[in-house]
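**Q** dropping a prediction and its sequence here:
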Amino acid sequence: MKLDLLLNGLPISAKGGNLAVEVQGLAYDSRKVKPGDLFVAIRGSRDDGHRHIPEALAKGARALLLQEPPAEVSQVPWAIVPDTREALARIACRLFGDPSREVRLGGITGTNGKTTTAYLVEAILREAGREVGVIGTVNYRYCGRELTADNTTPESYELQRLLREMRSSGVTDVVMEVSSHALEQGRVRGCHFDVGVFTNLSREHLDYHGTLEAYLEAKALLFRRFLRESCKDPWAVYNREDPRVKEVAEGIKGLKRLGYGLKEGDIRALRWRTSLEGTEALLLTPEGEIEVSSSLVGPHNLLNIMAAVATALALEVPLEAAAKGVAQVKRVPGRMEKVWGEPAVFVDYAHTPDALEKALKGLRPLVRGRLIVVFGCGGERDRGKRPLMGDVASRLADLVVVTSDNPRGEDPLEIIEEIRSGLLPGRAHEIVPDRREAIRWALREASPQDAVLIAGKGHETYQIIGTSRRPFDDREEALRALRELKGWN
């Protein structure tokens, strides 16, 4: 494609060379540049693509898209735009033919519940006879294919390419988890949503956003910017029980809205019950009443179910299909995933104070014996949440086992000490730095009437120690320990 056609409409402030040159492809990672590519230099939080222009040129880049003039006279054409990341999104849409216009697209944001809600919506849409693609934290999947998810929401170039591949494979509906990073960085620029979902908001990613207010502003972009830019007259689905989410959703004029909540909302629970075996509820919706039965445990999962039902209504799915779809979801990987019966052992991705609190509060009234929690905190991430998670765990669990999560480049013992500083005095706890041993220790302590929550890593199949990613799966470790303790191996 001719470079000038590719850049047509972008706010170019300066340029050099012949922009009518033919480019063969596009790359924003200098390591992936191929001869004939346009190299887009992006400024990230940890690196700046402008530093890697020499490498891109050495690999055969035919043109450059930059935010500042090249340091030296370039031997290839170049253009300057105010924001190369936003420009990348616009170029990607053009390259792949605006695929989001050709599918029904739902975007789900929020601190917690995105993945579970996405699984539920996927099952509902399949029950309605739709061909569904999913882009999310666990993986990207469509038409029997599963791709590794490097990010919850891919960079715009990969996202538009994936949407085009999905549509070309016959996908009619796409469910996408949308992270705060993706919203703030404009990765979903050019995505035309049919529905946006905002599940909740609590402390997370402050190492990136700085403050809770900035984090909220990033999340709110789904409604405030990207729904409003959609060509499809989209719906906003939101949790009315979260005051911040409610304020965002109800403060935007002109959006079609569906609010949900256990006690109030367009979709609300007339009655409900939850046990260690699952959840049942009678929901009132604008289309009538619906009985739902699910293997998912806890009131927070009922809210996820309600979000999914609301999304289904926005996508014109009959209530009967919604109920059947909810029942189809037997488990969500690493989301309050039950891996054993007696003691009841759950693996959950809860890695924020709010998520841990919801998980423990959901289990607390269901447990006949003690509630035991095993958790740690990730290294090189928001340090402020560590004592908060210690406080939550010691308030709500009978026994707290503090261990390592993904320490990355930090000293695991220093992370553990910061968690320990938040533990309430006199509450039962054990420090076991080795996560494998911590899981084994907790399960050895548990009686058949107890419940053990292994929190923080969920679906992850690795542990990051230093710069190495080592195989580690909480579910497999729990099952291995239980079998050994019972003498089955």
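**A** Cool, got the structure. Numbering: from 1, shown residues only.
**Q** hang on, Y140 in a strand?
**A** Yes. According to DSSP: H, G, I helix; E, B strand; the rest coil, Y140 belongs to a strand.
**Q** report the contact partners of the residue lying closest to G190 once chain neighbours are set aside.
**A** Among residues not flanking G190 along the chain, C93 sits closest, at 3.7 Å (CB to CB, 6 or more residues apart in numbering). In this view, the C-beta of every residue, glycine as well, is placed from N, C-alpha and C. Going by CB atoms under 8 Å, 6 or more residues apart in numbering, C93 touches S156, Q160, R189, G190.
**Q** for these, work out which two are farthest apart.
**A** Q160 and R189 (9.8 Å; CB to CB).
**Q** where do the contact lists of those two overlap?
**A** Taking CB under 8 Å, 6+ apart as the contact rule, Q160 and R189 both touch A89, C93.
**Q** between these two, who's got more neighbours?
**A** Q160 (29 against 23; other CB atoms under 10 Å).
**Q** for that one, list the residues it contacts.
**A** A89, A92, C93, L95, F96, P99, G190.
**Q** which two among those residues are spaced furthest apart?
**A** A89 and P99 (13.0 Å).
**Q** before we move on, back to that, closest one to E437 out of the contacts of C93, please.
**A** With CB to CB as the yardstick, the closest approach to E437 among the contacts of C93 comes from S156, at 42.6 Å.
**Q** ok, that closest one touching L183?
**A** No. Assessed by CB atoms under 8 Å, S156 is found out of contact with L183, at 11.9 Å.
**Q** between the two, which has more neighbouring residues?
**A** A direct count of neighbours by other CB under 10 Å for S156 and L183 places S156 higher, at 26 against 23.
**Q** how about that one, what does it touch?
**A** Here S156 is in contact with R85, L88, A89, A92, C93, G186, R187, V188, R189, G190 (criterion: CB under 8 Å, 6+ apart).
**Q** kindly report the same for L10.
**A** A79, V81, A87, R90, I91.
**Q** of all the residues you listed, which two lie farthest apart?
**A** Using CB to CB, the contacts of L10 span at most 13.0 Å, a distance reached by A79 and R90.
**Q** thought L6 was touching V23, still the case?
**A** Yes. Here V23 reaches L6: they are 6.8 Å apart, a contact under CB under 8 Å.
**Q** between these two, which contacts overlap?
**A** Taking CB under 8 Å, 6+ apart as the criterion, V23 and L6 both touch L38.
**Q** just how off-centre is stretch 63-77 within its chain?
**A** 35 Å (CA atoms, centre = their mean, to the nearest Å).
**Q** what does the average pLDDT come to for it?
**A** The average pLDDT for stretch 63-77 rounds to 87.
**Q** now the terminal residues of it, how far apart.
**A** 5 Å (CA to CA, to the nearest Å).
**Q** what of stretch 335-348?
**A** One end of stretch 335-348 to the other measures 5 Å (CA to CA).
**Q** of the contacts of S156 - the most surrounded one?
**A** V188 leads the contacts of S156 on contacts (other CB under 10 Å) with 28 neighbours.
**Q** helices or strands next to the helix or strand bottoming out on mean pLDDT in the chain in the packing?
**A** None of the helices or strands of the chain scores lower by mean pLDDT, DSSP states H and E than helix 206-209, at a mean of 79. In terms of contacts (3 or more CB pairs under 8 Å, 6 or more residues apart in numbering; DSSP states H and E), helix 206-209 is packed against helix 180-184, helix 212-221.
**Q** to R244, which of those helices lies closest?
**A** helix 212-221 (5.8 Å).
**Q** buried residues in that closest one?
**A** For helix 212-221, the neighbour count (16 or more other CB atoms under 10 Å) marks Y215, L216, E217, A218, K219, A220, L221 as buried.
**Q** of those, closest to R436?
**A** Nearest to R436 among the buried residues of helix 212-221, counting by CB to CB, is Y215 at 32.9 Å.
**Q** residue contacts, the nearest residue to V317 once chain neighbours are set aside?
**A** Spatially, and ignoring its direct neighbours in sequence, V317 is nearest to A128 (4.5 Å; CB to CB, 6+ apart). Residues counted as contacts of A128 (CB under 8 Å, 6+ apart) are A312, V317, P318, A321, G325.
**Q** excluding chain neighbours, what is closest to I135?
**A** Spatial nearest neighbour of I135, chain neighbours left out: M176 (4.3 Å); criterion: CB to CB, 6+ apart.
**Q** helix/strand/coil for the one you found?
**A** M176 - assigned by three-state DSSP - is strand.
**Q** equivalent analysis for A56, please.
**A** With three-state DSSP as the criterion, A56 reads helix.
**Q** for the closest residue to it other than its chain neighbours, what are its contacts?
**A** Using CB to CB, 6+ apart and skipping the chain neighbours, the partner closest in space to A56 is F39 (4.0 Å). Counting by CB under 8 Å, 6+ apart, F39 makes contact with A27, Y28, S30, V33, G49, I53, A56, L57, A61, A63, L64, L65.
**Q** dump the residue contacts of the fourth one.
**A** Under the criterion of CB under 8 Å, 6+ apart, the neighbours of V33 are A27, F39, E55, A56, K59, G60, A61.
**Q** helices of the stretch 151-300 of the chain, residue ranges please.
**A** With helices called from DSSP state H, counting those that start in this stretch, the stretch 151-300 of the chain shows them at 156-168, 180-184, 206-209, 212-221, 228-229, 243-250, 299-314.
**Q** and which of the contacts of S156 is nearest C231?
**A** Nearest member of these to C231, counting by CB to CB, is G190, at 10.5 Å.
**Q** was I right to think that closest one contacts F96?
**A** No. Counting by CB under 8 Å, G190 does not reach F96; the two are 9.6 Å apart.
**Q** and among the helices of the stretch 151-300 of the chain, the most buried is which?
**A** Mean neighbour count, computed with mean count of other CB atoms under 10 Å, is highest for helix 299-314 among the helices of the stretch 151-300 of the chain, reaching a mean of 27.
**Q** immediately after it, which helix or strand?
**A** Going down the chain from helix 299-314, the next helix or strand is helix 319-328, by DSSP states H and E.
**Q** could you check the angle helix 299-314 makes with that following helix?
**A** 140 degrees (axes from the mean of the first three to the mean of the last three CA atoms, to 10 degrees).
**Q** put the alpha carbons of helix 319-328 into PDB.
**A** What follows is helix 319-328, C-alpha atoms only, in PDB (Å, rounded to 0.1, in the frame of the first residue of the first chain):
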ATOM      1  CA  LEU A 319     -34.400 -14.600  27.900                       C
ATOM      2  CA  GLU A 320     -34.700 -18.400  27.400                       C
ATOM      3  CA  ALA A 321     -31.300 -18.600  25.600                       C
ATOM      4  CA  ALA A 322     -29.800 -16.400  28.300                       C
ATOM      5  CA  ALA A 323     -31.000 -18.800  31.100                       C
ATOM      6  CA  LYS A 324     -29.700 -21.800  29.200                       C
ATOM      7  CA  GLY A 325     -26.400 -20.100  28.500                       C
ATOM      8  CA  VAL A 326     -25.800 -19.200  32.100                       C
ATOM      9  CA  ALA A 327     -26.400 -22.900  33.100                       C
ATOM     10  CA  GLN A 328     -23.800 -24.000  30.500                       C
END
